[in-house]
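[1] Dropping the sequence and predicted coords here.
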Amino acid sequence: MSIAENIQKFENITSSEGCTLIAVSKTKPAEDILQAYKCGIKDFGENKVQEMTDKFEQLPKDIRWHMIGHLQRNKVKYIAPFVHLIHSVDSMRLLKEIEKQGEKAGKVINCLLQIHIAREDTKFGLSEEELEELLQSEEFAAMNHIKIKGLMGMATNTDNIEKIRDEFRSLKELFEEIKKTYSHSNIDFRELSMGMSSDYLIAMEEGSTMVRVGSAIFGSRNYNT
């Protein structure tokens, strides 16, 4: 199937559920992104800062760029002026740097707090205890150049559907609890980013508002680029 046909399939599924489709374009050339853009996709996900900034320069400026990969603090400054949403905030130190760069750029940067829900050491993210500690801190309350729009999580890479479902369900429950408990001016809980090409249907069933789909739209990735 072509990129256009793949997008049509996913758009039909996600739009009926009110879920945002984020086309994960990492390692893919600008030409492929442009094809998807011409099909109506405006939200694209990247996991490397250099690649995202290069593509931002080349492509239409109404694209909404999502940073979905692990973000190093010393690279925040490169994406702060244009990034639409950072999905992968996994520490207070990173959030402080985003706040600093948001102030420099004269804008409020939208963020999701990444929660470690997978039973794998290779995944990043805050524990529930670390999340509570961050949200209760005076440092967080004083930040006015960030806006926490919700949570993000990645399930365990497994064929066990019930395990994946349990992890997504626990994140949805945490999302609802935090939404009900905290009311700082820099919190606006609306988005729950969970689900990728292999598990997006389960994620949507468990309440995801954003799914990150790459290979199922663009085909397998070329990691030699």
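    Thanks, I have the structure now.
[2] can we go C-alpha only for contacts and neighbour counts from here?
    Fine.
[3] Just give me the neighbour total for Lys77.
    Counted with other Cα atoms under 10 Å, the neighbours of Lys77 add up to 16.
[4] what do you get for the one 10 residues further on?
    His87 has 28 neighbours, counted by other Cα under 10 Å.
[5] Quickly find the element holding it.
    strand 85-89 (DSSP states H and E).
[6] Give me the helices and strands touching that strand, please.
    Packing partners of strand 85-89 (3 or more Cα pairs under 8 Å, 6 or more residues apart in numbering; DSSP states H and E): strand 64-67, strand 109-115, strand 146-153.
[7] quick check: mean pLDDT across the helix or strand containing Met204?
    Assessed by DSSP H and E, Met204 sits inside helix 200-205. Helix 200-205 shows an average pLDDT of 96 in the prediction.
[8] Could you give me the buried positions within it?
    Using 16 or more other Cα atoms under 10 Å as the burial criterion, the residues of helix 200-205 that qualify are 200, 202-204.
[9] Stretch 142-149 now?
    143-149.
[10] in this protein, which spans are strands?
    Using DSSP state E, the strands found in the chain span residues 20-24, 43-46, 64-67, 85-89, 109-115, 146-153, 187-193, 210-213.
[11] Note down every partner strand of the fourth one and its orientation.
    Meaning strand 85-89. Sheet pairing of strand 85-89 (DSSP bridges) gives strand 64-67 (parallel), strand 109-115 (parallel).
[12] do the same with the second one
    Sheet partners assigned to strand 43-46 using DSSP bridges are listed as strand 20-24 (parallel), strand 64-67 (parallel).
[13] of all those, which lies closest to Leu174?
    Nearest to Leu174, of all these, is strand 20-24, at 20.3 Å by Cα to Cα.
[14] most tightly surrounded among the strands paired with strand 85-89?
    Ranked by mean neighbour count, the strands paired with strand 85-89 are led by strand 109-115 with a mean of 24 (mean count of other Cα atoms under 10 Å).
[15] Good, wrapping up.
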